[in-house]
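**Student:** Sequence and predicted structure are below.
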Amino acid sequence: MQRTIEIRTDDLSGEATRRLVAFHLAGMHDTSPPESVHALDLEALRHPSLTVWSAWIDDELAGVGALKALDAERGEIKSMRVDDRFRGAGVGRALLRHIIADARRRRMTSLWLETGTTPDFAPAQRLYESEGFELCGPFEDYTLDPFSVFMTRRV
């Protein structure tokens, strides 16, 4: 049975969301050297240029994702994380499509992202590729890094 995924704008005040963001950040530090960790902490996610959404299944937090406005036409996907209990349930795809739709509503023309290169990130890379993202070089303040893959797509 397919369970309904509800996506809500999140103000990061809920304990479940804060716990998942902290888990995400800790996981990034476990798999990458400090200079290669680009995940945002709670304070950084509260920046006015960012909108954060949480995905819920049966009143349980299933995942989070954010969109950072780089400028009026470009956005960056940040802090995509699915709770391990909900991996393979379509949560990441639902969040990604929600972010793409929001970027389209804002009349952005492109989306950008950075993700990791270790095997743990292979499912994320496959998800992004399946939704039209293509490899590109570093953007904004990013630099070439063996622990980073950069991707973009037109909106």
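**Tutor:** Looks like it came in fine.
**Student:** what about the protein, any weak spots by pLDDT?
**Tutor:** Residue ranges of the chain with pLDDT under 70: 1-2.
**Student:** in the protein, which spans are strands?
**Tutor:** 6-9, 50-57, 60-69, 74-82, 110-116, 134-136, 148-154 (DSSP state E).
**Student:** Now do the first one: which elements does it pack against?
**Tutor:** When you say that, I think you mean strand 6-9. strand 50-57, helix 91-105 (3 or more Cβ pairs under 8 Å, 6 or more residues apart in numbering; DSSP states H and E). C-beta: built from backbone N, CA, C; applies to glycine.
**Student:** Please state the offset of that strand from the chain centre?
**Tutor:** Between the centre of strand 6-9 and the centre of its chain there are 14 Å (Cα atoms, centre = their mean, to the nearest Å).
**Student:** Note down every partner strand of it and its orientation.
**Tutor:** strand 50-57 (antiparallel) (DSSP bridges).
**Student:** what residues are up against Thr115?
**Tutor:** Phe121, Ala124, Gln125, Tyr128, Ser148, Val149, Met151 (Cβ atoms under 8 Å, 6 or more residues apart in numbering).
**Student:** If you rank those residues by neighbours, which is first?
**Tutor:** Tyr128 (24 neighbours; other Cβ atoms under 10 Å).
**Student:** Against Gly65, how distant is that residue?
**Tutor:** 12 Å (Cβ to Cβ, to the nearest Å).
**Student:** Now do the shared contacts for those two.
**Tutor:** Leu96.
**Student:** Give me the buried stretch members for stretch 95-109, please.
**Tutor:** Leu95, Leu96, His98, Ile99, Ile100, Asp102, Ala103, Met108 (16 or more other Cβ atoms under 10 Å).
**Student:** what's the answer for stretch 44-52, then?
**Tutor:** Buried residues in stretch 44-52 (16+ other Cβ under 10 Å): Leu45, Leu50, Thr51, Val52.
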